[in-house]
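Participant: Quick one, structure for this:
(chains A and B)
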There are 2 protein chains.
Amino acid sequence: MRLLVKISYHGGNFMGFQIQHHERTVQYEFERILKRMHQSFVRIHPSSRTDKGVHAIEQYFHFDTHLNIAPDRWLYAFNSALPKDISVQSVEQISDTFHCRYDCVGKKYRYKVYIDENKHVFEHDTKVQLRKPVKIQPMKEAAKHFVGTHDFTSFCSQKTEVQNKVRTIYQSEVIETNDGFEFVVTGSGFLYNMVRVMVAYLILVGEGKRSGDEIHTLLEERDRKKVPHTAPAQGLYLEKIYLHENELTEEFGELIQIHKKNNRENV
Amino acid sequence: MRLLVKISYHGGNFMGFQIQHHERTVQYEFERILKRMHQSFVRIHPSSRTDKGVHAIEQYFHFDTHLNIAPDRWLYAFNSALPKDISVQSVEQISDTFHCRYDCVGKKYRYKVYIDENKHVFEHDTKVQLRKPVKIQPMKEAAKHFVGTHDFTSFCSQKTEVQNKVRTIYQSEVIETNDGFEFVVTGSGFLYNMVRVMVAYLILVGEGKRSGDEIHTLLEERDRKKVPHTAPAQGLYLEKIYLHENELTEEFGELIQIHKKNNRENV
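Facilitator: Numbers count the residues shown, from 1 in each chain, chains lettered A, B, ... in the order given. The predicted model follows:
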């Protein structure tokens, strides 16, 4: 029986999602509980492997079990045994052919920034500080340049191992908040550090050091060295995982059709 | 030259204020910076030694220095060298006879509780969870019974070492919030774990398991075993330190006069 588990976690005290020797990770916390219940090792498969310090408002994983336990009992069992910084929202049975990573068709991230000369100690691991004001309007306009299907080689970590760096961005918005701004981005998938490199660039735009109009050229150049910064992890939230194409269509219907068309024309 | 430093910190990743071998403490973070600047050890003296996991919105310490550095340069030096979960609000020169601990005439604490069956992972180390609703009105009424001058032996840790357990409480209020309640308490001083034991008792009142009317008897019995619970540390905030009598008089003028009078009559 394959079970799909929806979770959220505060990333502040985790060394990321993925299991690492002797480190506190989200995967370790779940596999520890599953091992105790099964008396043998059970692997979990997440939709996304978030980095050290990155939060998840919504994340999924699946695992296979021979135990005859109802989904709502699994929910209770997990939440009773988990630490305070991880929560399980739902557990449901799914098809044995479903795979959280391969069936994931999109992800939404949010990045939170506050602007203040003084540190906000109660947001030290949930937002990123900018000491000086930035211009929001140029950032809003710059963010739009990411929308569409592009090769994101210039906007990911040099450690990125995947060959195909083409991704489609459905939404890329800078939103002004009471204390700063947030960057919200939804796409078909994201390369290693991609959101954090995009945010770092947008901040340079807000500081007047770079221009939004350069983004198109930077994307075409496919050169990571042209965008040298990566914003810190603690501002980043995995906000939504799209496991079904129709969820994306509902939210970004027209865009998806346009990009599919562009994609075909570009090939 | 004696300097008074006003600070705030998120207690989540500290083993409390006071220096401990090989542990991350607030005191260690400051003394590390001071040692580097003076090339010799400099002790700091706080108004309050908060426990592991307890937060401070406002806390003070003083230290003596022979360095000829202006207060605003000290502010900058501290904030540049401190980690993200500690912030310095101000630095000012004070009289060499002033002492943060002995000249402290009162403290205000706040304790934050949210009520939800489900864990709030983003508040895991800043609020305490209650899974089931409590009755706020009986808690509001019960809290009032703490106001006044009492021997708080029944409402502190059994590890409390001080002989005189008489303290005056000027304010003791339960305030309903969007997601639960807060307990705000201001007093002349607090015994070890005193606020956390008071909150734990008030929660029992909200659950209908104990009554507010018992508080007077419990205080008179001076028996810690009658109030067996201590609420968790992560909900507790040191909110204000009163270094001058007139600050207390401004906020609780009448009460202070009444309690001084009661105090004299009780002696």
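
Participant: So which helix or strand of chain A has the lowest pLDDT on average?
Facilitator: None of the helices or strands of chain A scores lower by mean pLDDT, DSSP states H and E than helix A:245-266, at a mean of 72.

Participant: Can you name the residues that contact A:P71?
Facilitator: A:P71 makes contacts with A:L3, A:S90, A:V91, A:E92, A:Q93, as judged by CB atoms under 8 Å, 6 or more residues apart in numbering or on different chains. C-beta here means a position set from N, CA and C on the backbone, and glycine is covered the same way.

Participant: Name the residues of the helix or strand the last one falls within that come out as buried.
Facilitator: So the one you mean is A:Q93. Applying DSSP states H and E as the criterion places A:Q93 in strand A:86-94. Residues of strand A:86-94 classed as buried: A:I86, A:S87, A:V88, A:Q89, A:V91, A:I94 (neighbour count, 16 or more other CB atoms under 10 Å in any protein chain shown).

Participant: Against which helices or strands is whatever helix or strand comes next after it packed?
Facilitator: Going down the chain from strand A:86-94, the next helix or strand is strand A:106-115, by DSSP H and E. If contacts are counted by 3 or more CB pairs under 8 Å, 6 or more residues apart in numbering or on different chains; DSSP states H and E, strand A:106-115 sits against strand A:128-130, strand A:180-187, helix A:194-206, strand A:236-242.

Participant: Which of the buried residues of strand A:86-94 sits closest to A:L67?
Facilitator: Using CB to CB, the shortest approach to A:L67 within those belongs to A:V91, at 12.2 Å.

Participant: Do I have it right that that closest one meets A:M1?
Facilitator: No: with contacts counted by CB atoms under 8 Å, A:V91 stays clear of A:M1, the gap being 11.2 Å.

Participant: Under a three-state scheme, what state does A:V5 occupy?
Facilitator: When states are read from DSSP: H, G, I helix; E, B strand; the rest coil, the local structure at A:V5 comes out as strand.

Participant: tell me the pLDDT at it?
Facilitator: Predicted confidence (pLDDT) at A:V5: the value is 98.

Participant: ok, how many other residues are close to it?
Facilitator: Around A:V5 there are 22 other residues, counting by other CB atoms under 10 Å in any protein chain shown.

Participant: quick one, what contacts A:S87?
Facilitator: Applying CB under 8 Å, 6+ apart as the definition, the contact partners of A:S87 turn out to be A:I7, A:S8, A:Y9, A:N79, B:N118, B:K119, B:H120, B:V121.

Participant: Where does the residue nearest to it when sequence neighbours are not counted fall, secondary structure wise?
Facilitator: Closest residue to A:S87 in three dimensions, ignoring its sequence neighbours and counting by CB to CB, 6 or more residues apart in numbering or on different chains: B:K119, at 4.2 Å. Using DSSP H and E, B:K119 sits within no helix or strand.

Participant: quick one: B:K119 and A:K84 touch, right?
Facilitator: Yes: B:K119 is in contact with A:K84 according to CB under 8 Å; the separation is 6.3 Å.

Participant: Of the two, which one has the most company?
Facilitator: A direct count of neighbours by other CB under 10 Å for B:K119 and A:K84 places B:K119 higher, at 23 against 17.

Participant: which residues touch that one?
Facilitator: When the contact criterion is CB under 8 Å, 6+ apart, the partners of B:K119 are A:N79, A:L82, A:K84, A:S87, B:Q129.

Participant: Export those residues as TSV, with columns for pLDDT.
Facilitator: Rendered in TSV, the data for the contacts of B:K119 read as follows (pLDDT from 0 to 100):
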residue	pLDDT
A:N79	96
A:L82	97
A:K84	96
A:S87	98
B:Q129	97
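
Participant: quick one: which two of those are the most distant?
Facilitator: Taking CB to CB as the measure, these reach their widest spread between A:L82 and B:Q129, a distance of 12.7 Å.

Participant: how close does the spatially most central residue of chain A sit to A:G16?
Facilitator: Compute the mean C-alpha point of chain A, and by CA atoms, centre = their mean the closest residue is A:L238, 3.7 Å away. When distance is defined by CB to CB, to the nearest Å, A:L238 is 12 Å away from A:G16.

Participant: now do A:L236
Facilitator: As judged by CB to CB, A:L236 and A:G16 stand 12 Å apart.

Participant: Might you list the low-confidence residue ranges for the stretch 151-267 of chain A?
Facilitator: Counting by pLDDT under 70, the stretch 151-267 of chain A contains low-confidence residues at A:255, A:257-267.

Participant: how does it look with 80?
Facilitator: Across the stretch 151-267 of chain A, the ranges flagged by pLDDT under 80 are A:254-267.

Participant: Please report the distance of A:Q20 from chain B.
Facilitator: Here the criterion is CB to the nearest CB, to the nearest Å. By it, A:Q20 lies 19 Å from chain B.

Participant: Which residue is the nearest non-sequential neighbour of that residue?
Facilitator: Closest residue in space to A:Q20, ignoring its immediate chain neighbours: A:Y28 at 8.0 Å, by CB to CB, 6+ apart.

Participant: Doesn't that neighbour lie inside a helix?
Facilitator: Yes: assignment of A:Y28 by three-state DSSP places it within a helix.

Participant: Get me the contact residues on chain A for chain B.
Facilitator: Contact residues of chain A with respect to chain B, defined by CB under 8 Å from any CB of the partner chain, are listed as A:8-10, A:12-13, A:55, A:79, A:82-87, A:89, A:118-122, A:124-126, A:129.

Participant: Can you turn the buried part of these into a PyMOL selection?
Facilitator: What follows is the PyMOL syntax for the buried subset of the residues of chain A next to chain B, where burial is set by 16+ other CB under 10 Å:
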select buried, chain A and resi 8+9+10+12+13+55+79+82+83+84+85+86+87+89+119+120+121+122+124+125+126+129
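
Participant: Of all the helices and strands packed on strand A:106-115, which one comes closest to B:H21?
Facilitator: Using CB to CB as the measure, strand A:128-130 is the one of these that comes nearest B:H21, at 31.6 Å.

Participant: Give me the helices and strands touching that closest one, please.
Facilitator: Secondary structure elements in contact with strand A:128-130, counted by 3+ CB pairs under 8 Å, 6+ apart, are strand A:106-115.

Participant: higher neighbour count, A:L236 and A:G16?
Facilitator: Counting neighbours by other CB under 10 Å for A:L236 and for A:G16 shows that A:L236 has the greater number, 25 against 19.
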